[in-house]
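**Q** coords below, sequence missing:
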């Protein structure tokens, strides 16, 4: 019963924007709160299917300097360097700017197969 009450209380606090109280309780956000989903757009670019990658910040705080592991990533489509900038095996989202809580950043790429993007790191700001 206590677990259910605690879960309901936590959800109520999140819904009311009382994030600082939640963080004082010991909860915090990490790059694991970045949820990555991919879908085929239905378009074909240079004979390769195009994919849209959506990265959701599922944290009640800002997350910035978001980096994805993209070692081995390839695309035939010109990347939008503002949305995603690849340097070596890392992809930086939105030029390192912060992404608001529960907001999505998206970018497209075209390749033979879907690439397994994984969150590498981020900087959390719960002011």
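**A** On my side now, so go ahead. Here the structure is a predicted model, which means the values were calculated and not measured.

**Q** Buried residues, stretch 28-40. List them.
**A** 29, 31, 33, 34 (16 or more other Cβ atoms under 10 Å). C-beta: built from backbone N, CA, C; applies to glycine.

**Q** Okay, and which of those residues map to strands?
**A** Counted as lying in strands by DSSP state E, out of the buried residues of stretch 28-40, are residue 34.

**Q** could the buried residues of stretch 28-40 go into JSON lines alongside pLDDT and distance to residue 106?
**A** Formatted as JSON lines, those follow (pLDDT from 0 to 100; distance: Cβ to Cβ, whole Å):
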{"residue": "29", "pLDDT": "89", "distance to residue 106": "20"}
{"residue": "31", "pLDDT": "87", "distance to residue 106": "18"}
{"residue": "33", "pLDDT": "94", "distance to residue 106": "17"}
{"residue": "34", "pLDDT": "95", "distance to residue 106": "13"}
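
**Q** Could you export the buried residues of stretch 28-40 as TSV, including distance to residue 60?
**A** Shown next, in TSV, are the buried residues of stretch 28-40 (distance: Cβ to Cβ, whole Å):
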residue	distance to residue 60
29	7
31	15
33	9
34	13
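
**Q** just checking, residue 118 touches residue 32?
**A** No - here residue 118 does not reach residue 32: they are 10.1 Å apart, not a contact under Cβ atoms under 8 Å.

**Q** Can you list the low-confidence ranges for the protein?
**A** 1-27 (pLDDT under 70).

**Q** again, 90 this time
**A** 1-31, 78-82, 88, 126-127 (pLDDT under 90).

**Q** Going by residue numbers, what spans are strands in it?
**A** Along the chain, the segments classed as strands by DSSP E run 34-45, 48-57, 62-69, 84-87, 90-93, 104-110, 118-125.

**Q** which one of these lies closest to residue 75?
**A** Closest of the strands of the chain to residue 75 is strand 104-110, at 3.8 Å (criterion: Cβ to Cβ).
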